[in-house]
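Peer 1: following is a predicted model, sequence given first.
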Amino acid sequence: MLRLLLMRLTKGVEDPQKMHRQQAGPEHSLPTPLLLHGAPGSPYTRKMLALLRYRGIGYRLIVNPAAWPTSLPEPKVRLLPTFYLPGPTGDLEAVVDSTPLLRRFERQLPGRAALPEDPVLAFVDALIEDYADEWLTKAMFHYRWAYRPDIEKAAAILPRWRGITAGEETIARLSEEFAERQISRLWVVGSNATTAPVIEASYRRFLEIFDALLQQQPFLLGARPAACDFAAYGQLSQLAKFDPTPMALTLEVAPRVFAWCDLVDDLSGLELAPAAEESDRDGWLQRSALRPRLGPLLAEIGRVYAPFLIANAAALDSGAEQVETTIDARPWVQKPFPYQGKCLVWLRESYATLDGADREAVDALLEGTGCEALFA
């Protein structure tokens, strides 16, 4: 079955695995179209699909794996999206985690860049991407499974994406099972009665900050989208466009952000205007504009996400069963999150790679935002 699948993907190549081994090669070759398993209700799936469309990279999306060969490799951790890519031997491997995948595709697939070359902008891009992936997702998960209208819509729609022809009895059973499982996992992202006010106030402020920024430029880092835009879009594809409670809030506070999501969903036709001057960095913000434009967003990251990362890391280091801290002058309590402990390590490693002048520029940019505490 896998052989037949790959023959379809590769337009009749006689030996698909041999084709993958031939093309896997060194850094600059991945066979396309890329094959992935994802879902419309997965913010990280939406992040990566929008990225692929913008970069002009062909893909084949599997929404219901039961309708495809069962011999596709299993990922070590079941996360969406899952990409099936050639490994060191050329055989297919199941690969997850959008951030390293985005960077791998940047290296190995031709197309317009989504990562700035300037080290300072690249660092800022990574910091905002991490905030969107790991903090805004708390709002996404919270709103979807904490409010009755959102629970009912998600429970009714999400199972139908995988089985559009399934009978109503089957859907009713799947909906109940799915909702119960997801609600029971609210503790994973830190959504509970104590943290809800922090999460909801932070999401409202993000909307206000992003709306104000979009009145000056179309994307977070200037006139062209970066990884952080696709990360923010992924979460907003659910918060602003699917779940009733945050969607209503988005329309009330920031209809411009609602409209932005429609645009970022498919940027395949975006024309990147040539830079007016060399200092425009081909559409990216100049360094001198970063603080005036991004200062409020960086302050929000420093206000909520930085103290969480630091407290989470301390809990992981000490073996504590709970993260207990204060965020935005309110109590915060949740289970430690090992993956977000790794996120802090990766951010610090990225900061450590900056040379003297670039590090000075980043330090000046972060000073007083609260983000500097991450790298103290």
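Peer 2: Nice, thanks for sending it over. Everything numeric in this text was worked out from a predicted model, so none of it was measured.
Peer 1: can you give me the neighbour number for Trp68?
Peer 2: When counting by other CB atoms under 10 Å, one arrives at 16 neighbours for Trp68. Using the backbone N, CA and C atoms, a C-beta is placed for each residue, glycine as well.
Peer 1: ok, Glu360 next?
Peer 2: When neighbours are defined as other CB under 10 Å, Glu360 has 12 of them.
Peer 1: just the one 3 residues further on next, same as before
Peer 2: Using other CB under 10 Å, Asp363 has 13 other residues around it.
Peer 1: isn't it right up against Glu372?
Peer 2: Yes: using CB atoms under 8 Å, Asp363 is in contact with Glu372, at 6.9 Å.
Peer 1: host element of the residue most central in space within the chain?
Peer 2: In the chain, the residue lying closest to the centroid (CA atoms, centre = their mean) is Ala231, at 3.5 Å. Using DSSP states H and E, Ala231 sits within helix 227-239.
Peer 1: and for Arg78?
Peer 2: Using DSSP H and E, no helix or strand contains Arg78.
Peer 1: how near is it to Trp68?
Peer 2: Separation of Arg78 from Trp68 (CB to CB, to the nearest Å): 15 Å.
Peer 1: show me what contacts the closest residue to Thr250 other than its chain neighbours?
Peer 2: Excluding its sequence neighbours, the residue lying closest to Thr250 (CB to CB, 6 or more residues apart in numbering) is Ala240, at 4.1 Å. Neighbouring residues of Ala240 by CB atoms under 8 Å, 6 or more residues apart in numbering: 246-247, 250, 257-258, 261.
Peer 1: ok, 6 Å please
Peer 2: Contacts for Ala240 (CB atoms under 6 Å, 6 or more residues apart in numbering) come out as 247, 250, 258, 261.
Peer 1: which one of those residues is nearest Leu52?
Peer 2: Checking the contacts of Ala240 against Leu52 by CB to CB gives Cys261 as the nearest, at 16.8 Å.
Peer 1: contacts for the helix or strand hosting the closest one?
Peer 2: Using DSSP H and E, Cys261 sits in helix 255-265. With contact meaning CB under 6 Å, 6+ apart, helix 255-265 is reached by 50, 207, 210-211, 214, 233, 236, 240-241, 250-251.
Peer 1: wait, which of these is closest to Leu36?
Peer 2: Of all the contacts of helix 255-265, Ala50 has the smallest distance to Leu36: 13.1 Å, by CB to CB.
Peer 1: same for the helix holding Ala231, what does it pack against?
Peer 2: Judged by 3 or more CB pairs under 6 Å, 6 or more residues apart in numbering; DSSP states H and E, the packing partners of helix 227-239 are helix 43-55, helix 119-131, helix 137-146.
Peer 1: who does whichever helix or strand comes after the first one pair up with?
Peer 2: It stands for helix 43-55. Sequence-wise, the next helix or strand downstream of helix 43-55 (DSSP H and E) is strand 59-62. If you go by DSSP bridges, strand 59-62 pairs up with strand 34-37 (parallel).
Peer 1: might you calculate how far the partner strand sits from the centre of the chain?
Peer 2: Strand 34-37 has its C-alpha centroid displaced from the chain centroid by 17 Å (CA atoms, centre = their mean, to the nearest Å).
Peer 1: let's see that strand as CSV, backbone CA atoms only.
Peer 2: Written as CSV, here are the backbone C-alpha positions of strand 34-37 (Å, rounded to 0.1, in the frame of the first residue of the first chain):
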residue,chain,number,x,y,z
LEU,A,34,5.6,16.8,1.0
LEU,A,35,3.4,14.3,2.7
LEU,A,36,1.9,15.2,6.0
HIS,A,37,-0.9,14.2,8.4
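Peer 1: what does it contact?
Peer 2: Here strand 34-37 makes contact (CB under 6 Å, 6+ apart) with 59-62, 65, 81-84.
Peer 1: please repeat the previous calculation with a cut-off of 8 Å.
Peer 2: Residues outside strand 34-37 that contact it (CB under 8 Å, 6+ apart) are 9, 45, 48, 52, 57-63, 65, 72, 80-85.
Peer 1: now the residues you listed: which count as buried?
Peer 2: Among these, the ones that count as buried by 16 or more other CB atoms under 10 Å are 9, 45, 48, 52, 57, 59, 61-63, 72, 80-85.
Peer 1: in JSON lines, list the helices and strands packed on helix 227-239 along with distance to Ala156 and mean pLDDT.
Peer 2: Shown next, in JSON lines, are these (distance: least, CB to CB, whole Å; pLDDT from 0 to 100):
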{"stretch": "helix 43-55", "distance to Ala156": "19", "mean pLDDT": "98"}
{"stretch": "helix 119-131", "distance to Ala156": "31", "mean pLDDT": "98"}
{"stretch": "helix 137-146", "distance to Ala156": "12", "mean pLDDT": "96"}
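Peer 1: give me the domain ranges for this structure.
Peer 2: 2-108, 119-268+281-375 (automatic domain parsing).
Peer 1: between those domains, which gets the lowest average pLDDT?
Peer 2: Lowest mean pLDDT of the domains of the chain: domain 2-108, a mean of 79.
Peer 1: quick one on the thing from earlier: using CSV, write out every CA atom in the helix holding Ala231.
Peer 2: Extracted in CSV, the C-alpha atoms of helix 227-239 (Å, rounded to 0.1, in the frame of the first residue of the first chain):
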residue,chain,number,x,y,z
ALA,A,227,8.1,32.4,11.0
CYS,A,228,6.5,34.3,13.9
ASP,A,229,3.6,35.4,11.6
PHE,A,230,2.8,31.8,10.7
ALA,A,231,3.0,30.8,14.3
ALA,A,232,0.6,33.6,15.4
TYR,A,233,-1.7,32.7,12.5
GLY,A,234,-1.8,29.1,13.5
GLN,A,235,-3.2,29.9,16.9
LEU,A,236,-5.5,32.7,15.5
SER,A,237,-6.9,30.3,12.9
GLN,A,238,-8.7,28.8,15.9
LEU,A,239,-9.0,31.7,18.4
